[in-house]
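Student: need a structure here:
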Amino acid sequence: MAAMGLLPVPTAYAGPPDLAPYSGNGVRVVVLGAGIAGMTAAYELSKAGYACTVIEGRRRPGGRNWTIRGGDKVEESDAVQRCSFDAGEHMYFNAGPARIPHHHKAILGYCKDFGVALEVIVNDNRATYLHGDGAFEGRPLPNRQVIHDSRGFVAELLAKAISRDALAEDVSVEDKDRLLAFVRSFGALTKDYSYKGSPRAGYEDPPGAGLSQGRLREPLSFKELLKSDFWEYKLYYSERFEQAATMLQPVGGMDRIAQAFARRLGETIKYDCVAKEIRKTGNGATVIYQDGTSQKLSIEADYVVCTIPLEVLATITNDLAPEFKSAIAACDYVKAAKIAFQADRRFWEEDHQIYGGISWTNRDITQIWYPSAGFHRDKGVLLGAYIWTNQIGERFGRLTPEQRLEAAVISGENIHPGYRLQVSRGVSVCWHKIPYSQGAWADWPPGARNLSYHILNRPDGPIHFAGEHLSYLTGWQEGAVLSAHAAVRAINDRVKARKG
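Tutor: Here you go, the predicted structure:
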């Protein structure tokens, strides 16, 4: 279709900005935020000789790229938690981004360039469970069985329609035979095109040695499947473009990427410095910030790259043009939450043969993630909840940290009976209560995406904007990197034009 001009050809990723050496000499740039977008911009500009300073409110790099380990502090607007996980390279919790798609070439390119070791994260696993209170008497069902029984039933219905010539379009006898063969193979149907179960859906008693041929599971009730919400999106979640059965993660935690950027930027980053004012001047801009001693300082720049999340930027005094202020206020942020527990025994592996992947429930916790790091080690860190629905996130945010852990344990018991005795040392993060973030990722309303989003993709005088919120990959580090690249190119083009 692309060759015939019927489909636009996507622009291939051409790598980071190719700036001429020393092209930025004498040009001062202040970058607001040491998240992935801010550090990408500072790194690329610095390579070309730009004099960069990164102002970061936190005491660490990465922004929402945040890995929590034993001893780390989690500070929310109204509560403080201390993580007590045991030490170990695999004993961590990615509170922010936790997986990288194979086609995110920009962030993967930096991992390669910086020597950040990667490993597979199992994103979809047929050994995990699907659970819903309103179907199958609330029993958790094997992912494998739900998926393949569903396909079998759909294939049986389609085979009946083909046999009765009930398709919307007429097909030839030859194509009809091929279609029937296709759906029979797709759904593991019998010779009479009915679904009676399949090894794909798993065994009640698995096959073994000698005369142990195994006993198949009885097919689920199709009526009960329809009563569940499994088919709404959970059955094909990993088949979405940005998902996959296996994805990638840095060995030892997602913040290995942030740390790699930070090492290369060194003292370019000023930590524990909070931006208070952003002002345009005749020839550039001034940023007023407060350091860790509460002293107010100012810094002059020819250009500013602002990567601060828009929810936070809206609270900072500035003299941006009115249309930019309105655009900033138009963006919503997802109130996502995560909860993690330490398990002193990897019961999911030992008792259920689950090696990575995700179990789903219609309870508030939404998901349980099983770690893809530390297979067969004694202990592990289990993600006991991943919530991205605003209503649920707000509800969890109103709970104390202790109440959140208790709620997660109660829901976890519906998937793993005895769960309470297996998990401990929990820690939670409600992103809308995290200072300097106030949300997990941008969620542009349709109207705002068509108007306000486009306004912020251009500069307001010397002030350029970047971040995952200025991409069509919101919530992904790739969006942050590509947005930073766009800001770097725009500044470099202006400098080239100014120098003639």
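Student: spatially nearest residue to Ile316, not counting backbone neighbours?
Tutor: With CB to CB, 6 or more residues apart in numbering as the criterion, Ile316 has its nearest non-adjacent residue at 5.7 Å, and that residue is Ala275. All C-beta spots, glycine's among them, are computed from the backbone N, C-alpha and C.
Student: let me know how buried the one you found is, in neighbour terms.
Tutor: Counted with other CB atoms under 10 Å, the burial measure for Ala275 works out to 24 neighbours.
Student: quick one: contacts for the spatially most central residue of the chain?
Tutor: Against the mean C-alpha coordinate of the chain, by CA atoms, centre = their mean, the closest residue is Pro97 at 4.5 Å. Going by CB atoms under 8 Å, 6 or more residues apart in numbering, Pro97 touches 64-65, 254, 475-477.
Student: 7 Å - rerun?
Tutor: Pro97 makes contacts with 64-65, 254, 477, as judged by CB atoms under 7 Å, 6 or more residues apart in numbering.
Student: dump the residues you listed to CSV, plus secondary structure, pLDDT and distance to Tyr419.
Tutor: Below are the contacts of Pro97 laid out as CSV (DSSP: H, G, I helix; E, B strand; the rest coil; pLDDT from 0 to 100; distance: CB to CB, whole Å):
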residue, secondary structure, pLDDT, distance to Tyr419
Arg64, coil, 98, 28
Asn65, coil, 98, 29
Met254, coil, 98, 26
Gln477, helix, 98, 32
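Student: beyond the helix or strand where the residue nearest to Ile316 lies, next helix or strand please.
Tutor: Using DSSP states H and E, Ala275 sits in strand 274-280. Proceeding N to C from strand 274-280, the next assigned helix or strand is strand 285-290, under DSSP H and E.
Student: what is the burial count for the spatially closest residue to Ala262 that is not a sequence neighbour?
Tutor: Of all residues beyond its chain neighbours, the one nearest Ala262 is Pro61 (3.9 Å), with distances taken as CB to CB, 6+ apart. The tally of other residues near Pro61 (other CB under 10 Å) stands at 26.
Student: ok, Pro61 touching Ala258?
Tutor: Yes - with contacts counted by CB atoms under 7 Å, Pro61 reaches Ala258, the gap being 4.7 Å.
Student: mind checking which helix or strand Gly208 is in?
Tutor: Using DSSP H and E, Gly208 sits within no helix or strand.
Student: wait, what's in contact with it?
Tutor: By CB under 7 Å, 6+ apart, the contact list for Gly208 is empty.
Student: how close does it sit to Gly214?
Tutor: Taking CB to CB, to the nearest Å as the measure, Gly208 falls 7 Å from Gly214.
Student: what of Lys379?
Tutor: Distance of Lys379 to Gly214, computed by CB to CB: 33 Å.
Student: go on, Ala188?
Tutor: In terms of CB to CB, Ala188 sits 15 Å off from Gly214.
Student: where does pLDDT dip in the chain?
Tutor: Along the chain, segments meeting pLDDT under 70 span 1-11.
Student: domain parsing for it?
Tutor: Domain ranges of the chain: 28-62+256-332+442-499, 68-128+243-253+335-433, 143-228, per automatic domain parsing.
Student: and those domains as a markdown table, adding distance to Leu19?
Tutor: Formatted as a markdown table, these follow (distance: least, CB to CB, whole Å):
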| stretch | distance to Leu19 |
| --- | --- |
| domain 28-62+256-332+442-499 | 4 |
| domain 68-128+243-253+335-433 | 16 |
| domain 143-228 | 47 |
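Student: so which of the ones you listed is nearest Tyr237?
Tutor: Among the domains of the chain, domain 68-128+243-253+335-433 comes nearest to Tyr237, with 6.2 Å by CB to CB.
Student: sorry, back to before: then the residue nearest to the centre of the chain would be within a strand, right?
Tutor: No - counting by DSSP: H, G, I helix; E, B strand; the rest coil, Pro97 is not part of a strand but coil.
Student: and it, how far is that from Arg449?
Tutor: 21 Å.
Student: which ones are touching the residue nearest to Ile316?
Tutor: Counting by CB under 7 Å, 6+ apart, Ala275 touches 32, 55, 287, 289, 308, 316.
Student: how much space separates the most far-flung residue of the chain relative to its centre from Glu156?
Tutor: Taking CA atoms, centre = their mean, the residue of the chain most remote from its mean C-alpha position is Val173, at 47.4 Å. Val173 sits 21 Å away from Glu156, going by CB to CB.
Student: may I have stretch 79-93 as CSV, with CA atoms only?
Tutor: This file holds the C-alpha atoms of stretch 79-93, laid out as CSV (Å, rounded to 0.1, in the frame of the first residue of the first chain):
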residue,chain,number,x,y,z
ALA,A,79,3.4,11.0,53.4
VAL,A,80,6.9,9.6,53.6
GLN,A,81,7.8,5.9,53.2
ARG,A,82,11.1,4.2,53.5
CYS,A,83,11.7,1.1,51.3
SER,A,84,13.0,-1.8,53.2
PHE,A,85,13.7,-4.4,50.4
ASP,A,86,16.8,-6.6,51.0
ALA,A,87,19.9,-5.8,48.9
GLY,A,88,20.4,-7.5,45.5
GLU,A,89,20.8,-6.5,41.9
HIS,A,90,17.3,-7.9,41.2
MET,A,91,15.7,-6.5,44.3
TYR,A,92,14.2,-3.3,42.9
PHE,A,93,10.9,-1.6,41.9
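Student: contacts for it?
Tutor: Residues from elsewhere that reach stretch 79-93 (CB under 7 Å, 6+ apart): 67-74, 252-253, 340, 342, 371, 373-374, 377, 379-381, 400-401, 425, 427.
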